[in-house]
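**Q** how would this look folded up:
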Amino acid sequence: MAEQTAQQSKAQKASAARKTVDKWKKKKWFNVVSSKIFDRRPLGDTPGEKPKNVMGRIMRTTLDTVTGQRAKRDYSISFKVNDVQGQTASTVVSTFEINKGTLGRTIRRRNSKVALVKRIPVVGGEAMTSVVVVTDRKATNAQKTGIRKLIEEQVATLNGKDFELVVQELLLGNFSNELFKKALKVCPVKKVIVSKSTFIETK
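**A** As a prediction, this is how the structure comes out:
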């Protein structure tokens, strides 16, 4: 009886192994590329039996990988597969975020951190976005209030755009530079950082 049970167990394991091998034989490899704003640079390969199995997958990398700019290495960025043509899986940005260690090193005791989290209405949903202004010295409450107002005004210029265009402006455009110049009129500023932005789809 024990011998028969052992044989059955071996047969079941062999069958499971064959099924696993068969599944992998059916899978294809799809080339995942970044979104258009990053010139559809290659992100890597992902397996799947059919294109529908690849849809919605997330590929995460560092921003310097898709921009070629070493200064962007402190950002991580995630791309979501939204279309598959042949063996190529196209993506859109789903979120980006700066390394918390980098953000922490920017802020010192003699500085003030003025942070604001805003929901930006974009095509198909919202962009939950965090903006940080680091002053060059301690800011007064009145100065902090003034800077927050400037952040709100600058963020409002992105309302109603496609999230991809919002990302392009936040990471590669003049958003931070424009806000920096305006904030300087309130108090000395060390840096403007867009620390995070995430697309939230409308249900």
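**Q** what lines up beside the longest strand along the chain in the sheet?
**A** Within the chain, and with DSSP state E defining each element, the longest strand by residue count is strand 189-201. Sheet pairing of strand 189-201 (DSSP bridges) gives strand 88-98 (antiparallel), strand 125-135 (antiparallel).
**Q** quick one: that strand to chain centroid distance?
**A** 11 Å (CA atoms, centre = their mean, to the nearest Å).
**Q** Give the buried residues for that strand.
**A** 189-190, 192-199 (16 or more other CB atoms under 10 Å). All C-beta spots, glycine's among them, are computed from the backbone N, C-alpha and C.
**Q** do stretch 169-183 as well
**A** So stretch 169-183, judged by 16+ other CB under 10 Å, has buried residues 169-171, 175-176, 179-180, 182-183.
**Q** Same check on stretch 69-77?
**A** Under the neighbour-count criterion of 16+ other CB under 10 Å, stretch 69-77 has 72, 74-77 buried.
**Q** Show me which of the buried residues of stretch 169-183 is closest to residue 123.
**A** Nearest to residue 123 out of those is residue 169 (CB to CB; 14.0 Å).
**Q** Double-check that closest one against residue 162; I have them as touching.
**A** No: assessed by CB atoms under 8 Å, residue 169 is found out of contact with residue 162, at 10.7 Å.
**Q** Next, show the common contact partners of the two.
**A** Residues touching both residue 169 and residue 162 by CB atoms under 8 Å, 6 or more residues apart in numbering: none at all.
**Q** returning to what we had before: same list (the buried residues of stretch 169-183) but as CSV, adding pLDDT and distance to residue 48.
**A** Output for these, formatted as CSV (pLDDT from 0 to 100; distance: CB to CB, whole Å):
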residue, pLDDT, distance to residue 48
169, 97, 33
170, 97, 31
171, 94, 29
175, 97, 36
176, 96, 38
179, 97, 42
180, 97, 44
182, 97, 47
183, 97, 47
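**Q** Is it possible to get TSV of these that adds distance to residue 158?
**A** Formatted as TSV, the buried residues of stretch 169-183 follow (distance: CB to CB, whole Å):
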residue	distance to residue 158
169	6
170	8
171	12
175	8
176	13
179	12
180	16
182	15
183	17
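**Q** Any regions of the protein where pLDDT drops low?
**A** Applying pLDDT under 70 to the chain flags the ranges 1-26.
**Q** Can you give me the domain assignment for it?
**A** 2-97, 99-201 (automatic domain parsing).
**Q** tell me how far the longest one is from the chain's mean position?
**A** I take that to be domain 99-201. Remark: domain 99-201 is offset 16 Å from the chain centroid, using CA atoms, centre = their mean.
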